[in-house]
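# please find the sequence and the predicted model below.
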Amino acid sequence: MYDKQKLLEYHGRYLMKNYSPYPIIIAGGQGATLFDGDGNSYLDFLGGIAVNSLGYNNKELIKAINKQSKKILSCSNYFLNEPAILLARELIRGTHFDRAFFCNSGTEAAEAALKIVKKYNNEKKTGATKIISFENSFHGRTMGALSATGQDKYKTPFLPLLDDFVFIPFGDADRLESALKSKETYALITECIQGESGVITPTREYMSKLSALVKKHKKLLIVDEVQTGVGRTGDFFAYSGFGLKPDVIFTAKGLAGGLPIGAALASGELAETLQAGDHGTTFGGNPMSAAAALTVVKTIKGKGFLEDVTAKGDYLKRKLLELKSKFSFIEDVRGRGLIVGLELSKDVAAKDLNKKFLENGLILLAAGNNTLRFVPPLVVSVQEIDAACGIISRVFEKI
Ligand SMILES: Cc1ncc(COP(=O)(O)O)c(C=O)c1O
């Protein structure tokens, strides 16, 4: 029997304190709506932090998971399994990448990408030892991915970390050029949109310059598609919309629509770099997550899906711009597709609004620099966007 008080007490007693969750116990979901154990429902514009791409209780996804669960869940990488092979083919198809590696999360996918470029660089004996990364970037919490992350608040308690990264400001083309020119650097790692630090969205011009400079100085380009990948921006991967041609990308979050998975894709010689024994993970490419991901990828590549994401993202931005003309404390509306940020002026703390939205049946959380981050399930409807904007407007009116 559901006993909220008992569960909260057990949570306080038995779980480590590394998260600060709201005292809401999620019991289920449907589409873009979540339900808690007390019978409350919430319009979910967090989507499990850009994870539940097809929404909750998606028929096709549940069918694929049920079907696979009756066959086999996991079988180790000593053997092959059909869903993982078909998923690799589906992800590679239509891209310039040649091979995929599977793991279980974004941070693990980052580790794989970093190990691929590091081994490649070692074999090439370039003498370069550094990877350029951006300030305010976020690449994960394991030691390598954390080392690549450009935010001291996550790193300070765990120093010393890897000494492989140099950090420059995101958006400064001159600093970028001098870092890429340096003989010390052999690669650049970037997000297309810095989601975690507040949906920081670069201009197309800056990204074109980045692409041209990486090519000119013959450096490797790694793109972190953990948050922006698998349809989130209205392109299957965001790099294509920003005109990039990365050597390696890595993705996770929405890939299996809610089951744990991560993937790194590499092209050319980089795709051949990892050899037997170099890298691996027990659950990587397990048939359960792979079967789910195969359904997600096929759905998102299906007719009209991505166009719909773009149209709904544009609609959401238009609605938020309407709010901007009404509320002077809205500083900026930015993003692409269904990753959108609403930045507030410093006198209104975005974080303090989280609870108010929840009380009004909306899950919308602050990220980075005083910005509300919208990353709903990609299947969110226009009516749900209207409803969310109505709640936001009502909360803002009381500020
Ligand atoms: C851009 C980016 N990279 C990497 C990660 C790490 O992913 P995970 O939490 O699955 O390890 C995240 C997670 O928020 C992310 O947003």
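In hand now; what should we look at? Since the structure is predicted, the reported quantities are computational estimates derived from the model, not experimental observations.

# now the residue nearest the centre of the chain: closest residue in space that isn't a chain neighbour?
The centre of the chain sits closest to Q227, judged by Cα atoms, centre = their mean, with a distance of 1.3 Å. If the residues on either side of it in the chain are set aside, Q227 comes closest to G195, at 4.0 Å by Cβ to Cβ, 6 or more residues apart in numbering. (C-beta placed from N, C-alpha, C; glycine too.)

# near the ligand, which residues of the protein show up?
Listed as neighbours of the ligand in the chain under the rule Cβ under 6 Å from any ligand atom: 49, 105-107, 110, 138-140, 191, 195-196, 224, 226-227, 252.

# quick one: whichever residue of the stretch 1-150 of the chain sits closest to the ligand from Q227, how far?
Nearest residue of the stretch 1-150 of the chain to the ligand (Cβ to the nearest ligand atom) works out as G106 at 2.1 Å. Separation of G106 from Q227 (Cβ to Cβ, to the nearest Å): 8 Å.

# give me the common contacts of those two.
By Cβ atoms under 8 Å, 6 or more residues apart in numbering, G106 and Q227 have these common neighbours: K253.

# for the residue nearest to Q227, phi and psi?
In terms of degrees, to the nearest 10, the main-chain angles of G195 are phi -70, psi -50.

# which residues does the closest residue to F283 other than its chain neighbours contact?
Distances taken as Cβ to Cβ, 6+ apart put N104 closest to F283, at 5.2 Å, once the chain neighbours are dropped. The contact partners of N104, by Cβ under 8 Å, 6+ apart, come to 260-262, 281, 283-284, 289.

# and the residues you listed, which is closest to I399?
Using Cβ to Cβ, the shortest approach to I399 within the contacts of N104 belongs to P260, at 38.1 Å.

# so the closest one sits against S289, correct?
Yes - look at P260 against S289 with Cβ atoms under 8 Å: they come within range, at 6.1 Å.

# compare neighbour counts for those two and give me the winner.
Neighbour totals were compared for P260 and S289, and S289 leads with 29 against 19 (other Cβ atoms under 10 Å).

# that one and A263 touch, don't they?
No - using Cβ under 8 Å, S289 makes no contact with A263, being 10.1 Å away.

# overlap of the contact sets of those two?
Shared contacts of S289 and A263 (Cβ under 8 Å, 6+ apart): F102.

# how about whichever helix in the chain runs longest as PDB, C-alpha atoms only?
Identified as the longest helix of the chain according to DSSP state H is helix 305-326. Output of helix 305-326 as PDB, limited to C-alpha atoms (Å, rounded to 0.1, in the frame of the first residue of the first chain):
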ATOM      1  CA  PHE A 305       8.000  14.000 -36.600                       C
ATOM      2  CA  LEU A 306      10.900  16.400 -36.700                       C
ATOM      3  CA  GLU A 307       9.000  19.100 -38.600                       C
ATOM      4  CA  ASP A 308       6.400  18.800 -35.900                       C
ATOM      5  CA  VAL A 309       9.100  19.300 -33.200                       C
ATOM      6  CA  THR A 310      10.300  22.500 -35.000                       C
ATOM      7  CA  ALA A 311       6.800  23.800 -35.400                       C
ATOM      8  CA  LYS A 312       5.900  23.200 -31.800                       C
ATOM      9  CA  GLY A 313       9.200  24.700 -30.600                       C
ATOM     10  CA  ASP A 314       8.600  27.800 -32.700                       C
ATOM     11  CA  TYR A 315       5.100  28.000 -31.300                       C
ATOM     12  CA  LEU A 316       6.400  27.700 -27.700                       C
ATOM     13  CA  LYS A 317       8.900  30.500 -28.400                       C
ATOM     14  CA  ARG A 318       6.200  32.700 -29.900                       C
ATOM     15  CA  LYS A 319       4.100  32.200 -26.800                       C
ATOM     16  CA  LEU A 320       7.000  33.000 -24.500                       C
ATOM     17  CA  LEU A 321       7.800  36.100 -26.500                       C
ATOM     18  CA  GLU A 322       4.200  37.200 -25.900                       C
ATOM     19  CA  LEU A 323       4.900  36.800 -22.200                       C
ATOM     20  CA  LYS A 324       8.100  38.800 -22.600                       C
ATOM     21  CA  SER A 325       6.200  41.700 -24.000                       C
ATOM     22  CA  LYS A 326       3.900  41.500 -20.900                       C
END
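
# list the buried residues of it.
305-306, 308-310, 312-313, 316-317, 319-320, 324 (16 or more other Cβ atoms under 10 Å).

# Y186 belongs to a strand?
Yes - residue state for Y186 (DSSP: H, G, I helix; E, B strand; the rest coil) corresponds to a strand.

# which residues are in contact with it?
Y186 sits next to 117, 121, 126, 128-131, 219-220 when contact means Cβ under 8 Å, 6+ apart.
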